[in-house]
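Engineer: give me the fold of what follows.
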Amino acid sequence: MFRRTFWFTAGAAAGVWATTKVNRKIKQLTPESLAAQAADKAIETGHRIKDFALDVREGMVRREAELGGALGLEAPVDPDLPVQRHYAVEAPEPPADKNTYRKLPYNLNNRNEDH
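Structural biologist: Next comes the predicted model:
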């Protein structure tokens, strides 16, 4: 009697578990859920690409400053120029929140950037 009760309970628990798993998977595969997942991944990828671009830009500015110093090209900066690269060498503060992303600099007069 105890064996039958045990196997009946084990079978019922396995059935409930399997039904729950199948229902969750079905909800994940609805068109709305798939679209939301794709949008979330695209936004996350965009933020990562933007962070990479900012890191590359920061490295370029730092390297240009190093080369300018090594070659003796440290001339006074003309204030009419659209970008003063000497201030971009400083390391940015890390974001306070893990989900906070850095902003791209927006310079309308910079003709050296691809748009």
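Engineer: and A75, what pLDDT?
Structural biologist: We have a pLDDT of 60 for A75.
Engineer: with N109 instead?
Structural biologist: pLDDT, N109: 60.
Engineer: ok, now K27?
Structural biologist: On the pLDDT scale, K27 is placed at 89.
Engineer: try R48
Structural biologist: R48 is given a pLDDT of 95.
Engineer: buried stuff in stretch 45-54?
Structural biologist: L54 (16 or more other C-beta atoms under 10 Å). Where you see a C-beta, it was placed from the backbone N, CA and C, and this is true even at glycine.
Engineer: what distance do you get for L73 to T5?
Structural biologist: 87 Å (C-beta to C-beta, to the nearest Å).
Engineer: does W17 count as helix, strand or coil?
Structural biologist: Classification of W17 using DSSP: H, G, I helix; E, B strand; the rest coil returns helix.
Engineer: how close does it get to T30?
Structural biologist: 22 Å.
Engineer: do the same with E44
Structural biologist: Taken as C-beta to C-beta, the span from E44 to T30 is 21 Å.
Engineer: elements contacting the longest helix belonging to the chain?
Structural biologist: Assignment by DSSP state H gives helix 31-71 as the longest helix of the chain. In terms of contacts (3 or more C-beta pairs under 8 Å, 6 or more residues apart in numbering; DSSP states H and E), helix 31-71 is packed against helix 2-28.
Engineer: mind listing what's buried in the helix it packs on?
Structural biologist: Of the residues in helix 2-28, none is buried (16+ other C-beta under 10 Å).
Engineer: that helix - contacts with which helices or strands?
Structural biologist: So helix 2-28, by 3+ C-beta pairs under 8 Å, 6+ apart, packs with helix 31-71.
Engineer: angle of the helix it packs on against helix 2-28?
Structural biologist: 60 degrees (axes from the mean of the first three to the mean of the last three C-alpha atoms, to 10 degrees).
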